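Asks: Would you be able to build a 3D model of this:
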Amino acid sequence: MTPEHTRLVAALRELRAGAGLSLAALAERTAYSKSSWERYLNGKSLPPRQAVRELCRLAKEPDGRLLALWEIAESHWSGRAVGAAPAPPTDDSAPPPPHQAPPPAGTRRRLGGSRLLVMLASAYTVIVGGAAALLFLLLPDSAARDEEPPPASIPFSIAPQCHGAACEGRDPMRLICGIGPDTLASHRTATGAHVELRHSKKCGASWARTWGTEIGDRLDVTAGGPTHSVRIRNKDDAATFVYTEMTEVGPGSTVRACFRPASPDGERECFEARVGGTALTPRE
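Replies: Numbers count the residues shown, from 1 in each chain. The predicted model follows:
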């Protein structure tokens, strides 16, 4: 997988785990089978854009960020991104590209023996490949829908890419720390924004995320070391999740998040949580 695809898969898995949705539940409530969802969530194929939207809908989460990740991943997968190598089509099963047809029958141009053999071999490859592709496209998806993949066939080998100090100031989604994190605490601000303190035990790091924000809002997070901030820059940010960078934590560390509304009349709101403990009282 490309790094962009890896980041999308991590975000999809986090969303699915947070919503408690099984493969069977996804298959029953969407147009995609269990085997299809298994491929999407294990990075075996790029999900259709609509599948990403359906997962966000079921998880009752904004779809802006996930769709933005999908656009980036799809552009690299398809080879449309600058400098990216062409890749197979998405799971929408786009038809294979057209092949050059053999020379028309009855041509008077004489071909050398070696060139004739090459042409015959190419034509044979086209015919066999086209027949195989057609057979694959005609196979019904209903059989896959009823088939539950055995647990052993759903490996997920993507591991977090940092731990502890190596995660400091880095993106939790890109470094695969956002798969199944714990929510240490959550807070609803006076302006209606949601803020959560997140923690990954495998990465030894925490971060904060927010949504339901307004342009100009700012979120800070710290665990006694550097403070990492993120600002809501535009309407796209305001319509989806926005994450701070990570800060190193250990068992017993206190993580603090502060939300600063864009309005000059708004007051800063802070709250804390202890890793391995419970949320602490919101404070200024």
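
Asks: mind checking pLDDT for the spatially closest residue to Glu214 that is not a sequence neighbour?
Replies: Spatially, and ignoring its direct neighbours in sequence, Glu214 is nearest to Ala262 (5.4 Å; C-beta to C-beta, 6 or more residues apart in numbering). For glycine as for every other residue, the C-beta is placed from the backbone atoms N, C-alpha and C. pLDDT for Ala262: 95.

Asks: Can you tell me how far Ala262 is from Pro160?
Replies: Here Ala262 is placed at a distance of 33 Å from Pro160 (C-beta to C-beta, to the nearest Å).

Asks: now swap in Leu197 and tell me
Replies: 18 Å.

Asks: quick one, which of those two is more surrounded?
Replies: Each of Leu197 and Pro160 has its neighbours counted (other C-beta atoms under 10 Å); Leu197 has more, 26 against 20.

Asks: May I have the helix or strand the more buried one falls within as PDB, with CA atoms only?
Replies: Element membership for Leu197, per DSSP states H and E: strand 194-200. As requested, C-alpha coordinates have been extracted for strand 194-200 and formatted as PDB (Å, rounded to 0.1, in the frame of the first residue of the first chain):
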ATOM      1  CA  HIS A 194     -16.500  18.500  20.900                       C
ATOM      2  CA  VAL A 195     -13.000  17.800  22.200                       C
ATOM      3  CA  GLU A 196     -11.500  14.400  23.000                       C
ATOM      4  CA  LEU A 197      -8.100  13.400  24.600                       C
ATOM      5  CA  ARG A 198      -6.900  10.300  22.800                       C
ATOM      6  CA  HIS A 199      -4.200   7.800  23.800                       C
ATOM      7  CA  SER A 200      -2.400   5.000  22.100                       C
END
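
Asks: what mean pLDDT does that strand have?
Replies: For strand 194-200, mean pLDDT is 94.

Asks: Flag the helix or strand of this protein with the lowest per-element mean pLDDT.
Replies: The weakest-scoring helix or strand in the chain, judged by mean pLDDT, DSSP states H and E, is helix 142-145 (a mean of 35).

Asks: Under the pLDDT cut-off, which ranges of the protein? List them.
Replies: Along the chain, segments meeting pLDDT under 70 span 79-158, 278-284.

Asks: can you list the domain ranges for it.
Replies: 3-92+140-153, 164-274 (automatic domain parsing).

Asks: Tell me what Asp182 is bridged to.
Replies: His199 (DSSP bridges).

Asks: my read: it touches Glu196, true?
Replies: No: contact criterion C-beta atoms under 8 Å: Asp182 and Glu196 do not qualify, at 10.2 Å.

Asks: More neighbours: the two, which one.
Replies: Glu196 (19 against 13).

Asks: For the more buried one, give me its contacts.
Replies: Contact analysis of Glu196 by C-beta atoms under 8 Å, 6 or more residues apart in numbering lists Thr183, Leu184, Ala185, Ser186, His187, Ala208, Arg209, Thr210.

Asks: Give me the buried entries from the residues you listed.
Replies: Buried members of these, scored by 16 or more other C-beta atoms under 10 Å, are Leu184, Ala185, His187, Ala208, Arg209, Thr210.

Asks: can the residues you listed go into CSV with extra columns for secondary structure and distance to Glu248?
Replies: Putting the buried ones among the contacts of Glu196 into CSV (DSSP: H, G, I helix; E, B strand; the rest coil; distance: C-beta to C-beta, whole Å) gives the following:
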residue, secondary structure, distance to Glu248
Leu184, strand, 15
Ala185, strand, 18
His187, strand, 22
Ala208, strand, 14
Arg209, strand, 18
Thr210, strand, 21
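
Asks: Looking at those residues, which one is closest to Glu245?
Replies: Nearest to Glu245 out of those is Ala208 (C-beta to C-beta; 9.6 Å).

Asks: Any idea what that closest one is bridged to?
Replies: Using DSSP bridges, the bridge partners assigned to Ala208 are Leu197.

Asks: next one: Ser229
Replies: Asp220.

Asks: Sounds good, over and out.
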